[in-house]
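A.B. asks: Sequence plus predicted model, see below.
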Amino acid sequence: MNSKKSRYKHSNPTKTSQPIPVKVNGENKTDDSNGDKEVSNQMRPIGGWFKKLGEPLTVVTLLLFLATGALYFATRDLVHDAEKTAERQLRAYLVLDEANITRFVAGQTIEFHGIIRNTGQTPAYDIDGYTGIMYDAFPLPYPFPVISTAGFQESRAVLGRDQVVHARIPTKPAPTQETIDAINAGKMAVYVFGRVTYRDAFGIGRYTNYRLFYSRPNEGAGLLSPLGKEGNEAN
């Protein structure tokens, strides 16, 4: 007896599923719901996070984290500013407290005497420096010298609060009467310059520069005056 062939084809279970064609408004469309489901499954973790962000406890935790970070940076800046303020208030300051021409006579060397004082609250260490003196035309017709080999007469390893170090130096050639008259008339001047270096209690290297001139002493009560901003600096 001949067996009848089945009118239906058996589906192949190993064959991958294909999009099912569907007619919509007379046009063939494919049902790609499987692909949509796959994308939906991939986005599910992200959606879960957004859902968690909407929970009150998560929002509070996030705000607390941000506030803690802001407080950390604010505290760090405050501590840094406080340290700098303490350093400015407590550090050593070496300044040229007094500056005088102690001898100004024809036939004798002109002598400068300077007093450098620590006006800070803590000691200064490893004090070193130099002082130079000369007389020449006023104003000076060439660049001002900035280095002298004449050091301080007193070498100090430590200079405490309100303590002083002296700088004395005479001119090498003694002035003639003509030179003295020119200085009194303002045509010449005595020039004094120097630098003191030291280390403060915080281990920072410091310096003080000074540059002065002495001319027309009868009009200026015999005082030295700073010769501009350049050469009169400190850190």
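C.D. replies: Perfect, I can see it now. Bear in mind that the values here come from a model prediction, so they are computed numbers and not experimental data.

A.B. asks: remind me, longest helix of the protein?
C.D. replies: Ranked by residue count and defined by DSSP state H, the top helix of the chain is helix 56-90.

A.B. asks: pLDDT below threshold where in this protein?
C.D. replies: Across the chain, the ranges flagged by pLDDT under 70 are 1-60, 78-80, 82-83, 148-155.

A.B. asks: Next, work out how far apart Ala124 and His166 are.
C.D. replies: Noted for Ala124: a distance of 15 Å to His166, by CB to CB, to the nearest Å. C-beta coordinates here come from the backbone N, C-alpha and C atoms, glycine included.

A.B. asks: Look at these two and report which has more neighbours.
C.D. replies: Neighbour count, other CB atoms under 10 Å: between Ala124 and His166, Ala124 has more, with 27 against 13.

A.B. asks: ok so, going back, flag every buried residue along the longest helix of the chain.
C.D. replies: Neighbour-count burial for helix 56-90 flags no residue at all (criterion: 16 or more other CB atoms under 10 Å).

A.B. asks: same thing with stretch 190-210?
C.D. replies: Neighbour-count burial for stretch 190-210, with 16+ other CB under 10 Å as criterion, is recorded at 190-200, 206, 208-210.

A.B. asks: Show the end-to-end separation of that stretch, please.
C.D. replies: Across its full length, stretch 190-210 reaches 14 Å between end residues, using CA to CA, to the nearest Å.
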